[in-house]
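Student: could you look at this predicted model? Sequence included:
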Amino acid sequence: MRDCWKNRAGYDRVLMTVAATFLTVSASSALAQNDAPRSSAAELAIDAAVPRPEPANVPPPTAADFKLDTPSAAPTTTAAVPISEPTRIEPAKPETAQPETAKSEPAKEEASKTEAAKTDAAKFDTPKSDAPKSDTATATPAQTPAPATASTPEPAKEPVKAASNVAPEDQPVADKLRDVFGAKAQRYFDRKVERAAVEKFYTARDFAPIWTQGGKLTESGKGVVARLKDAASDGLNPADYPIPEFAAAANPDALADADLKLTASMLDYARHAQSGRMHWSQVSGDIQYPEHPTDPNEVLTNITSAKDASAALDSYNPPHKLYQALKKKLAELRGQGDGPVSQIADGPTLRYMPARGKQPAIEVEDDRVPQLRAKFGVENPDDRHYDGKVADAVRRFQATVDLKATGILDDRTIRALNSPKHDRQIDTVIVNMERWRWLPRELGAPAIGNAYVILNIPDYTLKVMQNGAQVWTTRVVTGQPGVHATPLLTETMKFITVNPTWNVPPSIIYNEYLPALQQDPTVLERMGLKLEHNRDGSIHISQPPGERNALGRIRFNFPNKFLVYQHDTPDKNLFAREDRAFSHGCMRVQNPDQYASVLLNITEPNAHYTPEKIKSMYGSSEINLNFPTPIPVNITYQTAFVDDAGNLQFRKDVYGRDANMLSLLRSGKNKDLENVVAHSQPNYVKPVGDLRIASDNSVSSGGPSFFERLFGGPTQYPPAPVGRRRGAPPAGQSYYQR
């Protein structure tokens, strides 16, 4: 019983082997039939690459091909024929080989196709263990004839950007620059904004050097070096912009160091050329101009991409015509060498005596006068008479060289004129060039032909400019030196007031009217001033419109923090004086009706204003004439300038601005432009003493001061009144205006 079971089990295994063989042969025949239509080698190769049971063109096995199971052989036979995995079976060779002619024609055709497929597949053959990984891997060869299998890795994506933008000879320098920005950039750029901009710029270049290539200066580098060496021509100090020795830089460390140093010097030059070596707030508290600092990103891009790096760097200097004229005169002053262009000969003292009453003016004749006229640019160059205009020119020159400004040509004046080097004049020109850097690059309003007003305090003149030419000019009276100095500023004039009301500012109330009230309680009434008590207990002092009004008939309004403006005046006699610094800070205009008509015709050309039309508006009620387009007003301080005839003119440093700026330039305290100095406005300083005004207009001492009672506290100023009330300033006018 047990033996039969064993024999039965062996028979079953034989049947299973026969069935497996039959299935293998059937599948091979079917595949061969499916392959019949295929003709290309690529298609056959694809089929060959797909894993499947190998075809075997052998006769069906017989019982003689198999051995009966034995206890030891059964496990081996069973494991050798797994149904789930195709296995090539090597059949036993028949004892007598069949002749080739005995094969059937279908068998020949089958064998031929199979051998061709194997031959083509050998070109694409891969290990069987990797072949059946995915459908994608097996289908790839159908799209491209290039060899590809599942074991081949996918093509790499675009490689990460390497230092491909850096020339091989510059790569060591780039590596050093990269290291510097990692740890030592602050040694070269102490300003945080500049340091960040420079690092970003170098990073975008893969840290390639900016100014050298292959260790030699590029054309851009040469242009920057040339501009820095010539910094003195623009009134700057070349020592502030050190130039590294590129010729001595023999290794990557030295070249990287030189590249960064030249970048730092270039940025310093651009910043100084555009904004100045000192901030205007370092000079005085009564200066305010619009800020226009340089953008280090823009500077780096502009200079490195320019065809002419020197010209591009020079463009950061002021473009104004008067600045360029001063630059030219500076070169002339420095180019005099060991002696002046012309010598004034010694001789008798020349003095001009103006006319007095019936006595005519005395004008001495002298052969040296034509030389003086040519030197100072006085009209009538061949005239030998030492007249008032020549005497005025001599007087102005004396003021610039620390001589008593008498207008008398004496020995000391002649020696000063003939001095080989005018160091004082050079310094004066330089500080004036520095002040031009504070002004806006565009002085005028483009919508009205770039029109603007420019007032020069030391020259006591006001000019109206349009389309690059002077339209009109007049004399002005400016503020007294000290606490009443006229501020330097740029603002826009928005309207004109005819028949203005003068609202007395706190500084005048404190410094002048209250002391006067202590002496005479009726002084305000006699001066035509009104003192009003407001509901909140404050006091308002004003002067109504009229001929006696301190502002005259017209006020020109350009709101500013210093509360100054331009206006008419009843004191016309002051305009005849040479020095005209008499006001409390505002600017008095000699011919206000003409000034008003000129400005109105610029902003409203179709209105056809005339001085007579303006005068017809004079009366007792305020009239505001608004400008459709505001006109920029630039209040400047030019102690050295070039006049319309091309002559260099000097004026007295009435406010001591030149001396203050020269001191800052020489002391080196002007290095940090980011440190803006805060000054208190001197015009509104609280006076010494404690004064208050009683309800009966009498002045008394003790208790809260008048300033505190009037404005609500020792450090507060009253807000501009809302709306109109009797005695209040009109809309757009500050309460403090004077």
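Tutor: Alright, I've got the coordinates. The shown structure was predicted, so the numbers you read here are calculated from the model rather than taken from an experiment.

Student: nearest residue to D346 in space, please, no chain neighbours.
Tutor: Counting by CB to CB, 6 or more residues apart in numbering, D346 lies nearest to I414, which is 6.3 Å off, once chain neighbours are set aside. The way it works is simple: take the backbone N, C-alpha and C, and place the C-beta from them, glycine included.

Student: what helix or strand is that neighbour on?
Tutor: Following DSSP states H and E, one finds I414 within helix 411-417.

Student: list the buried residues of that helix.
Tutor: 413-414, 416-417 (16 or more other CB atoms under 10 Å).

Student: helix or strand next in line after that helix, which one?
Tutor: Counting by DSSP H and E, what follows helix 411-417 is helix 423-436.

Student: okay, now the sheet partners of the helix or strand just after that following helix, with direction.
Tutor: Per DSSP H and E, the first helix or strand lying C-terminal to helix 423-436 is strand 452-456. Sheet pairing of strand 452-456 (DSSP bridges) gives strand 461-466 (antiparallel), strand 623-636 (parallel).

Student: just after the longest one, pick out the following helix or strand.
Tutor: Of the helices and strands lying after strand 623-636 in sequence (DSSP H and E), the nearest is strand 640-642.

Student: can you spell out which helices and strands pack onto that next one?
Tutor: helix 321-334, helix 423-436, strand 648-650 (3 or more CB pairs under 8 Å, 6 or more residues apart in numbering; DSSP states H and E).

Student: and those as TSV, adding distance to F207?
Tutor: Compiled in TSV, the helices and strands packed on strand 640-642 are given as follows (distance: least, CB to CB, whole Å):
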stretch	distance to F207
helix 321-334	38
helix 423-436	36
strand 648-650	49
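
Student: out of these, the one nearest Q466 is which?
Tutor: Proximity to Q466 (CB to CB) singles out helix 321-334 among these, at 13.9 Å.

Student: which segments of this structure make up each domain?
Tutor: The chain breaks down into these domains under automatic domain parsing: 2-143, 168-332, 340-419, 440-494+549-654, 502-543+686-738.

Student: skip the chain neighbours and tell me the closest residue to F650.
Tutor: Nearest in space to F650, with sequence neighbours left out and distances taken as CB to CB, 6+ apart, is T400 at 4.1 Å.

Student: run a quick neighbour tally on that neighbour.
Tutor: 22 (other CB atoms under 10 Å).

Student: separation between it and Q649?
Tutor: For T400, the distance to Q649 (CB to CB, to the nearest Å) stands at 10 Å.

Student: also R475?
Tutor: For R475, the distance to Q649 - CB to CB - is 16 Å.

Student: those two - which one has more neighbours?
Tutor: Q649 (20 against 17).

Student: OK, contacts around that one?
Tutor: Applying CB atoms under 8 Å, 6 or more residues apart in numbering to Q649 gives the contacts 377, 396, 459, 640-643.

Student: V476 too?
Tutor: Counting by CB under 8 Å, 6+ apart, V476 has contacts 455, 460-462, 566, 580, 587-590.

Student: among those residues, which are located in helices?
Tutor: Among these, none falls in helices (DSSP state H).

Student: dump these to TSV, plus neighbour count.
Tutor: Shown next, in TSV, are these (neighbours: other CB atoms under 10 Å):
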residue	neighbour count
L455	23
Y460	23
T461	17
L462	24
Q566	24
R580	21
M587	23
R588	24
V589	25
Q590	21
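
Student: which strands or helices does the helix holding I414 pack on?
Tutor: helix 388-400.

Student: which residues are in contact with the residue lying closest to G215 once chain neighbours are set aside?
Tutor: Spatial nearest neighbour of G215, chain neighbours left out: L255 (6.1 Å); criterion: CB to CB, 6+ apart. Residues near L255 by CB under 8 Å, 6+ apart: 173, 176, 209, 212, 215, 246, 249.

Student: recalculate using a threshold of 7 Å.
Tutor: 173, 209, 212, 215, 249 (CB atoms under 7 Å, 6 or more residues apart in numbering).

Student: closest to E298 among the residues you listed?
Tutor: Distance to E298, by CB to CB, is smallest for P209 among the contacts of L255, at 20.6 Å.

Student: okay, how far is it across stretch 283-296, tip to tip?
Tutor: Using CA to CA, to the nearest Å, one end of stretch 283-296 lies 25 Å from the other.

Student: in that stretch, what's buried?
Tutor: 283-289, 294, 296.

Student: what about the closest residue to D411 other than its chain neighbours, helix or strand, and which?
Tutor: Nearest non-adjacent residue to D411, counting by CB to CB, 6+ apart: D346, 7.1 Å away. Here D346 is covered by no helix or strand, with elements defined by DSSP H and E.

Student: number of residues surrounding D346?
Tutor: Look at D346: counted by other CB under 10 Å, it has 10 neighbours.

Student: number the residues from 87 up from this point.
Tutor: New numbering, starting at 87: the last item is D432.

Student: any idea how far it is from D326?
Tutor: Taking CB to CB as the measure, D432 falls 42 Å from D326.

Student: same thing with R523?
Tutor: Relative to D326, R523 is positioned 14 Å away (CB to CB).

Student: L263 too?
Tutor: 24 Å.

Student: which one's more surrounded, the two?
Tutor: Taking other CB under 10 Å, L263 and D326 do not tie; L263 has more neighbours (28 against 15).

Student: helix/strand/coil for the more buried one?
Tutor: Here L263 is helix, with the state taken from DSSP: H, G, I helix; E, B strand; the rest coil.

Student: ok, the closest residue in space to it that isn't next to it in sequence - contacts?
Tutor: Ranked by CB to CB, 6+ apart and with sequence neighbours excluded, the top spatial neighbour of L263 is F293, at 4.3 Å. Contact analysis of F293 by CB under 7 Å, 6+ apart lists 260, 263-264.

Student: contacts for the host helix or strand of G268?
Tutor: G268 is part of helix 257-269, with elements assigned from DSSP H and E. Residues outside helix 257-269 that contact it (CB under 7 Å, 6+ apart) are 249, 252, 285, 288, 292-295, 338-339, 341-342, 345-346.

Student: now those as TSV including distance to Y704?
Tutor: Below are the contacts of helix 257-269 laid out as TSV (distance: CB to CB, whole Å):
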residue	distance to Y704
A249	78
V252	76
E285	65
Y288	67
D292	73
F293	72
A294	72
P295	71
P338	79
D339	78
L341	75
A342	74
D345	69
L346	67
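
Student: pick the one among those closest to F644.
Tutor: The closest of the contacts of helix 257-269, once distances to F644 are taken by CB to CB, is E285, at 43.0 Å.

Student: which SS class is the closest one?
Tutor: E285 ends up helix, using three-state DSSP.

Student: likewise the one 4 residues further on?
Tutor: When the structure is split into helix, strand and coil by three-state DSSP, T289 lands in helix.

Student: for it, give me its contacts.
Tutor: T289 neighbours (CB under 7 Å, 6+ apart): none.

Student: pLDDT weak spots in the stretch 387-536 of the chain?
Tutor: 421-428, 506-508 (pLDDT under 70).

Student: hmm, back to that, let me have the strands paired with strand 538-542 in JSON lines, extended by distance to A602.
Tutor: As requested, these are exported to JSON lines (distance: least, CB to CB, whole Å):
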{"stretch": "strand 547-552", "distance to A602": "31"}
{"stretch": "strand 709-722", "distance to A602": "30"}
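
Student: now for the closest residue to R634 other than its chain neighbours, how many residues are close by?
Tutor: The shortest distance from R634 to any non-neighbouring residue, by CB to CB, 6+ apart, is to G614 (5.3 Å). Neighbour count of G614, defined by other CB under 10 Å: 14.

Student: cool, thanks, talk later.
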